[in-house]
Every structure is written in structure tokens, then in C-alpha cells.
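1. next one to model:
(one chain, ligands or ions: 1)
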Amino acid sequence: MVRIADRPSDVLPRGLDGVPVATTSVSDVDGTRGFYHFRGVDPTTFARTGTFEDAWHLLHEGELPTSEQRAVFAARIGSAMRMPPVLRDALPALAALGPPGSQDVLRSAISAAGVALGCRPWTEQDRVTTDDQAIRLAALTPVLAAALYRLARGQGTIDPVPGRTIAENYLAMIHGDAPTAEQTRALETYLILAADHGFCNSTFALRVIASSGADVGGALAGAVASLSGPLHGGAIGRVPSMLAAIGDPARVEPWIRDRLARRERLMGFGHAVYRTLDPRNTVLRGVADEIGGDTVELAKLVEQTGVRLLNEHKSDKRREANIELYAGIALDFAGIPEELFGSTFTVARMAGWTANLMEQIADNRIFRPAARYVGREPDLA
Ligand SMILES: CC(C)(COP(=O)(O)OP(=O)(O)OC[C@H]1O[C@@H](n2cnc3c(N)ncnc32)[C@H](O)[C@@H]1OP(=O)(O)O)[C@@H](O)C(=O)NCCC(=O)NCCS
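-> Next comes the predicted model:
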């Protein structure tokens, strides 16, 4: 058998592009058909009507909840949102580390929360405890994101209210006021669509860390670090500044041409797997269309022009706009401050990560790939 590491360097798939490295039954992306699903269910079918909790239940428990299961899961999440006092005490110091809304501060808080919850190597505790810690850390993420944001702005924190959905609570914990139904709807749609997406960089990172037996808090914090990168989830916070920099419809084409000529990436375009339109983009464009306004019209022009020029610029395979192009518009309408976009993506993706973590530990083998050494050979004489 020829191992990948033994193949000639010209056929080594850089970045493991398309190489299967595990089996999963959590979610999958079909880049050719432009389709993705959670456990066999297309999330775009319920993204405009369902709740984030439903998507999380589907990912974590394997099926959409019945009304009875929905109530049990909501109660479980509700109590998991309660902050341990030692963590609450640590938040002001954490918030002071960075600007309001920082995803990096949130990442540090998730790591700290893991310690506060007593997370230990999962190999040295039972499965129920590990599952409980994963759910608690994911449920605490919107609480932490909102609290850190407010503390960094010199405001007091707001506790979640039992009986509200995560989306309702998240918006209320950021602003103090209960959100409108339309705002909650826009946020629910985004959270559902972004809850998981196959074996993306952050999910792989999570599973690599978990595969060594490391604790849940460490694995989730590592996944947040991966997600924050501009080539992955970090693009969400960069699209609004791109639209603002373009500013005027007349500047769209020259701006994009200039960017491509300088070999810079267009944020919100391209995807490692999709060669057709990203289905999440289609749903969020629909949300943006209902919101309407100059920014939406500008984004649509940027999409048309960006796709045309990107494919002229590089014609080896088809590239389209991705989820991030309209995500900021939906989140802005929901009332999420721009600084919190990356943290809000983290809130959503925690759902998929908890499911992936539990799948990894159910049949674990430590990831230990190989690299072909091409450096200076040792002198063995
Ligand atoms: C998502 C992304 C990282 C995928 O990268 P990838 O798997 O290497 O993509 P592909 O194999 O399709 O193509 C890579 C090539 O196409 C070009 N390309 C791909 N996406 C591009 C973009 N958004 N802007 C400009 N050029 C792009 C690059 O020039 C790259 O060529 P290079 O290696 O010579 O620099 C990439 O499309 C990107 O950086 N997009 C912008 C960031 C973004 O929106 N991320 C969110 C993803 S949901």
C-alpha cells in the first residue's frame, strides 16, 4: 500500500484537500450538488421557521425533536446556561483583555469555563460527564459572549431568562431589551444554517485535540481559534468592512478588480468544497431581500460582479459567494453588533462541535498523521 506520505510531492493534497480522514454521521457537504445536511435533514428546510435548539437537538441527539423532547432539551439548555460563580467573578478581568466582542477573549473564556466546570481528560471520566460538560460549555457560550461584550463596554451583565430561546436570550443579554419577533427570526435562521458544516477546519481541529484525550474545554477552545481565522469563520466580520470600503455601486467593479490584481482574497467568496452556490447563501440572500435597503442592493451587486470577476481571474474551477456575504446583513438586522459577529458564529457552531466531540470519543483513535521530511538530512556518520 502506498501511504499518502510516500506519494511524490506533486500529488500530495495540500491542506488534505478532499482527503477523507474519518467517518462521521453528524453532517455532510455535497459541493457538487450544492447541498448540505445534518444527520440526513436539510437545514435549509427549517431555517426560516425552526429554532436553533431544534438544529442542536438534531445534531446532538440524531433527530429533530418531538414536542416532548423539545421541552426536555430546552430545560436542559436552560439550566446549562447558569454561570458558575467562580467564572462570573473572573469575567471582568477576561473582558479587560481585549476590545468589546472579541472572539479571542471569548475563546479564552471558554477555556476558563472548562476549568471552572472541572473538565478533565475525557479518558479519565465517564461519557455522561463529558456530554454534560460539552452541553454546558456550548450553552454558556452566548451568555459569555454577551457578558464579555457588555463588561468591555463598562456595562453590567444580564442573566438569561428561563423559558426564552437561546436566540431571544442572547439578544436580550446583549441589549437589555427583549428583541422583536423579526429580529429573533433573523438570528434563529442564521444560527440554524451555521450550526454545523461537515469536516471543516474547526471541526477537524476539535477532533484532533479531543483524540488525544484532552478535556472538553481545551478541544472547544481550540475549535474557536480555528474558526476565528479569516479563511474560515473570520470572514464574517470582514464582509461588512469590505462593503463599507466599496461604499458606492459605481466603485464595485474597480474595487474588486484592484483587489484581485493584488492577489488579495474577496471575503464572502469561494469555498473549499462548494463548486456551486452555497445553499446557506441562498437562504440568507432571501432574508436580506426581505430586509431590503442600500446595503442589500450593494451586496447583491458585489455578489454578481465578484463571482464574474473571480471566475475570470481564476478559471480552473467554479467559485461562488458563500454564507458570509449576507450573514452580516441578517445579523445586523437582528441587532447583533458587528464586533460580535465572530462570537455569534461561535455560538452557532458549538452545536455541531458538541455532536462531533461525542462522536469522536465514541470511537476514538488518536490522530497522528505523517509528513514527508524534506529538510536537511542528519549527518549519521
Ligand atoms: C474559503 C477559501 C479559504 C477556500 O480556499 P481554497 O480551498 O484554497 O479554494 P480553491 O481551491 O477554490 O481556490 C484557491 C485559489 O482560488 C483563489 N480564490 C479562492 N477564493 C478566493 C477569494 N475569495 N478571493 C480571491 N481569490 C480566491 C485563490 O487565488 C487561490 O489561489 P492561490 O492558491 O493561487 O492563492 C477561499 O475561497 C477564501 O479564502 N475565501 C475568502 C474567505 C471566506 O470567505 N471564507 C469563508 C468560507 S465559508
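
2. residues touching whichever residue of the stretch 101-250 of the chain sits closest to the ligand, list them.
-> When you check the stretch 101-250 of the chain against the ligand by C-beta to the nearest ligand atom, the closest residue turns out to be Ala235, at 3.4 Å. For every residue, glycine as well, the C-beta is placed using N, CA and C. Neighbour list for Ala235: 267-268, 322, 324 [criterion: C-beta atoms under 8 Å, 6 or more residues apart in numbering].

3. from these, which is closest to the ligand?
-> Where those are concerned, and distances follow C-beta to the nearest ligand atom, the ligand has its nearest neighbour in Asn322, at 4.0 Å.

4. surely that closest one and His271 touch.
-> Yes. Asn322 sits in contact with His271 when judged by C-beta atoms under 8 Å, with a separation of 5.0 Å.

5. overlap in contacts of these two?
-> Common contact partners of Asn322 and His271 (C-beta under 8 Å, 6+ apart): Asp278.

6. so which residues of the stretch 151-300 of the chain form helices?
-> Counting by DSSP state H, counting those that start in this stretch, the stretch 151-300 of the chain has these helices, from start to end: 166-175, 181-193, 201-211, 216-227, 235-246, 252-261, 279-291, 294-313.

7. weakest of those in terms of mean pLDDT?
-> Taking each of these in turn, the one with the lowest mean pLDDT is helix 235-246, at a mean of 92.

8. buried ones in that helix, by neighbour count?
-> By neighbour count, and taking 16 or more other C-beta atoms under 10 Å as the criterion, the buried residues in helix 235-246 are 235-240, 242-243, 246.

9. what does stretch 169-182 give?
-> Going through stretch 169-182 with 16+ other C-beta under 10 Å, the ones that come out buried are 169-175, 179.

10. and the helix or strand harbouring Ala134, average pLDDT?
-> Secondary structure here is read from DSSP states H and E; on that basis Ala134 sits in helix 127-152. Over the span of helix 127-152, the pLDDT mean works out to 98.

11. run the angle between it and helix 201-211 for me.
-> 130 degrees (axes from the mean of the first three to the mean of the last three C-alpha atoms, to 10 degrees).

12. ranges for the helices of the stretch 1-150 of the chain?
-> Per DSSP H, counting those that start in this stretch, the stretch 1-150 of the chain has helices spanning 52-61, 67-80, 85-95, 103-116, 127-152. These are given in chain order.

13. can I get these in CSV including mean neighbour count?
-> Formatted as CSV, the entries for the helices of the stretch 1-150 of the chain read as follows, by neighbours: other C-beta atoms under 10 Å:
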stretch, mean neighbour count
helix 52-61, 24
helix 67-80, 14
helix 85-95, 16
helix 103-116, 22
helix 127-152, 23
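
14. could the ones you listed be laid out in CSV, adding distance to the ligand?
-> As requested, the helices of the stretch 1-150 of the chain are exported to CSV (distance: least, C-beta to the nearest ligand atom, whole Å):
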stretch, distance to the ligand
helix 52-61, 18
helix 67-80, 26
helix 85-95, 27
helix 103-116, 14
helix 127-152, 20
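
15. show me what from this protein comes close to the ligand.
-> Within reach of the ligand by C-beta under 6 Å from any ligand atom, the chain has these residues: 231, 235, 265-272, 310, 314, 319, 322-324.
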